[in-house]
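In: build me a model from this:
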Amino acid sequence: MVGVPESHTGWTFITSHARVLAVIADNPNVRIRDIAARCRLTERAVARIIADLEQDGYLSRTRDGRTNTYRIEPDKVLRHPAEAGLSVAALLSLLVQDESDRTRNPVGS
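Out: The predicted structure is shown next:
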């Protein structure tokens, strides 16, 4: 797992659901424990978020032994009327940074 960001207090622009989705987009085989660490959430909160995303068709998972593999539905549109027509793929293009870009151009440099 790439460096875990420091914890933050106060409000933020990105929801926990979007953060979890971005971590999964970055690694479809990621463990709930690692998602929780990256997003600064509890494992229980991550499991609830994944269940929400699955229930509404944004995400599906397949189980292979002890490993989950997640599949994001990139064409699914976002839920809020203000984002009408904006797809999950469009959101993720803003949130997920290629690993090579992340190491070459760290945020804040």
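In: against residue 29, how distant is residue 66?
Out: Relative to residue 29, residue 66 is positioned 11 Å away (Cβ to Cβ, to the nearest Å). Any C-beta I mention is one placed from the backbone N, CA and C, and that applies to glycine too.
In: likewise for residue 57?
Out: Counting by Cβ to Cβ, the gap from residue 57 to residue 29 is 21 Å.
In: and if you look at residue 46?
Out: For residue 46 relative to residue 29 (Cβ to Cβ), the value is 15 Å.
In: check contacts around the residue nearest the centre of the chain.
Out: Nearest residue to the geometric centre of the chain (Cα atoms, centre = their mean): residue 21, 2.2 Å. By Cβ atoms under 8 Å, 6 or more residues apart in numbering, the residues touching residue 21 are 53, 58, 59, 72, 88, 91, 92, 95.
In: swap the cut-off to 10 Å and go again
Out: Residues near residue 21 by Cβ atoms under 10 Å, 6 or more residues apart in numbering: 14-15, 35, 49-50, 53, 58-59, 70, 72, 88, 91-92, 95-96.
In: residue ranges with poor pLDDT in this protein?
Out: 1-8, 97-109 (pLDDT under 70).
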